[in-house]
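Student: Would you be able to build a 3D model of this:
(2 chains)
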Amino acid sequence: MAANPSDIPVPAEGIEALVQNRKYAAGFVTDVESERIAPGLSEDVVRLISAKKQEPEWLLEFRLKAFRRWLSMREPHWAHVEHPRIDFQAITYWSAPKSMANRPKSLDEVDPKLIETYNKLGIPLKEQEMLAGVQNVAVDVVFDSVSVATTFKQKLADAGVIFCPISEAVREHPELVKKYLGSVVPFGDNYYAALNSAVFSDGSFVFVPKGVRCPMELSTYFRINERNTGQFERTLIICEDDAQVSYLEGCTAPQRDENQLHAAVVELVALDRAEIKYSTVQNWYPGDENGVGGIYNFVTKRGDCRGRASKISWTQVETGSAITWKYPSCILRGDDSVGEFYSVALTHHRQQADTGTKMIHLGRNTKSTIVSKGISAGHGQQAYRGLVRVLEKAEGARNHTQCDSLLIGDQCGAHTFPYTEIRNPTAIIEHEATTSKIADDQLFYCRARGIGEEDAVSMIVNGFCKDVFKELPMEFAVEAQKLLQVSLEGAVG
Amino acid sequence: MTIHASYGEAFERFAAALPATERAARAAAFDTFAQRGLPDDGIERWHYTNLQPFAAQPVHLALATAAPDLSAWRLDGCDEHVWINGRALNDAAAPAPLPSLDAHAGLAGLHRAFATPGLQLTVPRDVRLDRPLHVLSVSDAREAGEMFHLAHRIRLERGAQALLIVQNIGLPGATRFSTQSLSIELAEGAQLTLVRVQDEARGTTHWLQTAADVGRDARLDVVNVDLPCETADPIPGEAAAAKASGTLIRSDWRVKLAAPGAHAELSGLFGADGRVHLDNQYEIDHAAPHGTSRQWFRGLGFGPSQAILNGRVVVQRGAQKTDSEQRIANLMLAKGAEIDAKPELEIYADDVKCAHGASCGQLDDAAVFYLRARGVPEAQARALLIYSFINDVLARVPHVALRLRLARRITARLGAGLDLSEATLSGAAA
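Tutor: A predicted model of the protein is given here:
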């Protein structure tokens, strides 16, 4: 059931309103005329997408190779999730707001309805607002299959940073895209990555040159709007020697009864001493309390610490999606490189999540840290699945994994599948996990001091997640806490 | 799924000797095997172990051989039951029901099709066996591709108690393929201690499934010691039988805490070397409230080998007040060793206490230094520390002579003799 946008009060500020609405406030549909191709997937569709984006021959080849590989692959079934078979022929692989056919030259030309959508989501697009000191964040916005606007381009360009839609990067910086695209997640890496490589639509491209510290946080908001469309964005971030960047991503989708597929690929490349921090607040539509609708979020995210002493840090807050299947990973190739993964994942109602990370230690003295907090409520099923692999040459590798689960109610599930594969005798690997519930005495303590039950639960959950929230940039940390509170609505009592 | 024609030929010969009443069930089991083949590493539970290549290898039923000299393995004061190549040496052949297995359908089919009865024992109500049972399964393969399949069953009635030692012994020789199942049923208040020692020879492919049903307030203690193929000498035909490693041992342990108050303690110790592929899958299924379980595992990577340790704890919906703990610790002692450990939790109830931990590392240099500073030579200091590391598990072997034998074998491989005697061991265990 698609909510009529006029039924939902338009929030002045996204988060405050989310809290007051006490339901999925991002579930509205924007009535924008869009251009979409017929559902179905074939080589012709892949060619059509490539043609629509006026892509060079090598990229079409990349897509076709991926598509042919995908046809030969089996859908993975090892994850601890259940869903009906996905009909890949029922999905529309390309949808773009019609007004984008003639790309706007500036923000003033962007369809006002789109601007309105993002305003509802609390994403200020207008640079003026930003310059007025609201936030110092550059934003790229992806609506269904295309990127609609990127702010702060000039200021970034002055610093030498490239931040643009990946389709634009293909045109403007083909040598960079060609060099790095598919170098971290090869086109045939896994079933959904192969699908993405064949049909990917748009996404962000970031290039930070040698020695540059990106002057502001970069951010992308993804939005699925059309019915029965899949979103297949592709993000590529490259940090050259001694460069640094912090990147944030947020996601929402309208409330619909059908399941929609989101299969993204994110590739990060960190060269010598470079540092990439990638934060996600994922709030795709989770489906209703009976498990009707919601996004299937099947995402491949991987960072390659290619250079010496480079560092990649993933932070994720996963509150949305009917099903989450996602393992942001680090390949610690350079000596002394560092990988980090901080995650809060929440499943409520009928949501399912199978998420975690992979830390592949290849270089000497590489270090990785994993902190995962899973919260399960209602009929939610929550699984942490993580791999720590230390290969023969990774002398002195070090990993510490902390993995905690919190259960709220007796109908939910919390699961842990930590794989460790150690092939070097000098490795030191530790894994600790606990499972607990919100103790009655904790609740009683709060209630005796006049704190309502839901607030008390929210407070305890926030405390449980503190180790992860402190890794988020400030604005996101606030948003994440509120999101968690909203998502847990009705979990107790 | 294609299986080698020799399986069919072996089955025809095997079925011909069966009583007519059994043939249909055996043939159905064989058909399942023929259709499904053996598990490959595409199945999550078989992630690290691929048995499929073995289905394409020629096999034949293991030949009857004369009883070998077993004095090196014999234990004093035990009731001894010996099987050689799946044939009973001293047990009367009693008709036994086909084993039912919760495993990969093809593999279970193979086992059911060919299984010969092993130990079949019921301990009556409130009886406490005063002598330990010592089950020896000897594999003595003279020609490449010999196979046999053995099914044991033990049932303890209400309040019964027993100590069971199951030892697999491989005599050096040709390549071989064997499966073994051990079905355990513990009625209310029964107590069983099971010690399994796995001593297979080079060139063996072996699958074991132990499935236990633990009743109300019953208790199961398991100590599993894997010390396969201590020599690294290759044997003829080995490369064909096992692609990456000479020897492949896979053991599935399924313990179901089926009624309130059931308790299980699983502990395991392995020493892996000689290109062995050693895959242990432990699962404790808390199916009823107020169950408690403890697991301790210690692993030693002595040399080129791949050891897999999967410890899974499932807490079913409604199994409230479950208390479970699992600790895995591994020591990597040499290059070329690989240890893959996975402590899994699957929890569907909220009022439970579940903790697990896994670590992998080396000896603490500070501890070695401490001992050396007190005049202990380095090799001996290391041996001493490793001995104390494994003793958490070894001390759970209730039979002192067996414990001493195992301790000596492991410390002998550390290159520094420790002066161990029954007296020191008893002290260490206290």
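Student: just for the chain, where's the confidence low?
Tutor: Let's take chain A. When the per-residue scores of chain A are filtered using pLDDT under 70, the ranges that remain are A:1-34, A:97-151, A:223-230, A:251-256, A:475, A:490-493.
Student: Oops, wrong one, chain B.
Tutor: Scanning chain B with the threshold set as pLDDT under 70 gives B:1, B:93, B:229-245, B:416-417, B:424-430.
Student: at 80 instead, please
Tutor: B:1, B:90-95, B:228-246, B:414-430 (pLDDT under 80).
Student: Show me it divided up by domain.
Tutor: Using automatic domain parsing, the domain ranges for chain B come out as B:61-362, B:365-430.
Student: okay if I get those as a markdown table plus distance to chain A and mean neighbour count?
Tutor: For the C-beta atoms, the positions are set from N, CA and C on the backbone; glycine is no exception. Supplementary listing: the domains of chain B in a markdown table, determined by distance: least, CB to the nearest CB, whole Å; neighbours: other CB atoms under 10 Å in any protein chain shown:
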| stretch | distance to chain A | mean neighbour count |
| --- | --- | --- |
| domain B:61-362 | 4 | 21 |
| domain B:365-430 | 11 | 16 |
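Student: Between these, which one is closest to A:Asp335.
Tutor: With CB to CB as the criterion, A:Asp335 lies closest to domain B:61-362 of the domains of chain B, at 18.7 Å.
Student: that older thread, nearest to A:Asp242, of the domains of chain B?
Tutor: Across the domains of chain B, the minimum distance to A:Asp242, taken as CB to CB, is reached by domain B:61-362, at 33.1 Å.
Student: Give me the buried positions along stretch A:306-321.
Tutor: For stretch A:306-321, the buried set under the neighbour-count rule, 16 or more other CB atoms under 10 Å in any protein chain shown, comprises A:306-321.
Student: show me where the stretch 351-493 of chain A has strands.
Tutor: Here the stretch 351-493 of chain A has its strands, by DSSP state E, counting those that start in this stretch, at A:352-355, A:358-361, A:367-377, A:381-390, A:398-408, A:413-422, A:428-437.
Student: Using CSV, write down the CA coordinates of the third one.
Tutor: It refers to strand A:367-377. Coordinates of the C-alpha atoms in strand A:367-377 are reproduced here as CSV (Å, rounded to 0.1, in the frame of the first residue of the first chain):
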residue,chain,number,x,y,z
LYS,A,367,45.6,-5.2,12.5
SER,A,368,41.9,-5.5,12.6
THR,A,369,39.2,-4.7,15.1
ILE,A,370,35.6,-5.9,14.9
VAL,A,371,32.8,-4.6,17.1
SER,A,372,29.4,-5.8,16.3
LYS,A,373,26.2,-5.1,18.3
GLY,A,374,23.1,-7.0,17.2
ILE,A,375,19.7,-6.2,18.6
SER,A,376,16.7,-8.4,17.9
ALA,A,377,13.1,-7.7,18.8
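Student: strand partners of that strand, parallel vs antiparallel please.
Tutor: When pairing is defined by DSSP bridges, strand A:367-377 lines up against strand A:338-347 (parallel), strand A:398-408 (parallel).
Student: Pick the most deeply packed of those strands.
Tutor: Ranked by mean neighbour count, those are led by strand A:338-347 with a mean of 26 (mean count of other CB atoms under 10 Å in any protein chain shown).
Student: CA atoms only for that one, dumped as PDB, please.
Tutor: What follows is strand A:338-347 as a C-alpha-only set of coordinates in PDB (Å, rounded to 0.1, in the frame of the first residue of the first chain):
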ATOM      1  CA  VAL A 338      44.600  -1.400   9.700                       C
ATOM      2  CA  GLY A 339      41.000  -2.500   9.200                       C
ATOM      3  CA  GLU A 340      38.000  -1.600  11.400                       C
ATOM      4  CA  PHE A 341      34.400  -2.600  11.500                       C
ATOM      5  CA  TYR A 342      31.800  -1.200  13.800                       C
ATOM      6  CA  SER A 343      28.300  -2.200  13.400                       C
ATOM      7  CA  VAL A 344      24.900  -1.800  15.100                       C
ATOM      8  CA  ALA A 345      22.200  -3.900  13.400                       C
ATOM      9  CA  LEU A 346      18.600  -4.000  14.600                       C
ATOM     10  CA  THR A 347      15.900  -6.300  13.500                       C
END
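Student: and it with strand A:381-390, angle?
Tutor: Note on geometry: by axes from the mean of the first three to the mean of the last three CA atoms, to 10 degrees, strand A:338-347 and strand A:381-390 are set 170 degrees apart in direction.
Student: Can you list which of the buried residues of stretch A:306-321 are found in strands?
Tutor: With strands defined by DSSP state E, the entries of those inside them are A:311-318.
Student: Okay, the residue nearest the centre of chain A and A:Leu387: tell me how far apart.
Tutor: Closest residue to the average C-alpha location of chain A: A:Thr280 at 5.0 Å, with CA atoms, centre = their mean. With distances defined as CB to CB, to the nearest Å, the gap from A:Thr280 to A:Leu387 amounts to 19 Å.
Student: returning to what we had before: between the strands paired with strand A:367-377, which one is nearest to A:Ala477?
Tutor: Distances from A:Ala477 to each of these were compared using CB to CB; the shortest belongs to strand A:338-347, at 10.7 Å.
Student: what sits against the residue nearest to B:Leu345 when sequence neighbours are not counted?
Tutor: The shortest distance from B:Leu345 to any residue that is not its chain neighbour, by CB to CB, 6 or more residues apart in numbering or on different chains, is 4.2 Å, and that residue is A:Thr416. Applying CB atoms under 8 Å, 6 or more residues apart in numbering or on different chains to A:Thr416 gives the contacts A:383-384, A:403, A:405, A:433, A:435, B:343-346, B:356.
Student: repeat for B:Gln198
Tutor: By CB under 8 Å, 6+ apart, the residues touching B:Gln198 are B:167-168, B:208, B:224-228, B:249, B:251.
Student: next one: B:Gly106
Tutor: If you count contacts by CB under 8 Å, 6+ apart, B:Gly106 has them with B:1, B:32-33, B:35-39.
Student: if you set the cut-off to 7 Å instead, what comes out?
Tutor: When the contact criterion is CB atoms under 7 Å, 6 or more residues apart in numbering or on different chains, the partners of B:Gly106 are B:32-33, B:36-39.
Student: For the residues you listed, which single residue is the most surrounded?
Tutor: Neighbour tally across these (other CB atoms under 10 Å in any protein chain shown): the maximum, 25 neighbours, falls on B:Phe33.
Student: The host helix or strand of it: how far from the chain's middle?
Tutor: In the assignment (DSSP states H and E), B:Phe33 maps to helix B:20-36. The gap between the average C-alpha position of helix B:20-36 and the chain average comes to 26 Å, counting by CA atoms, centre = their mean, to the nearest Å.
Student: and what of stretch B:157-172?
Tutor: Stretch B:157-172 sits 11 Å away from the centroid of its parent chain (CA atoms, centre = their mean).
Student: which residue sits closest to the residue in the stretch 151-300 of chain A that chain B sits nearest to in space, ignoring its chain neighbours?
Tutor: Of all residues in the stretch 151-300 of chain A, A:Tyr191 sits closest to chain B, at 12.7 Å by CB to the nearest CB. For A:Tyr191, the nearest residue in space outside its immediate sequence neighbours is A:Met73; the separation is 5.0 Å by CB to CB, 6+ apart.
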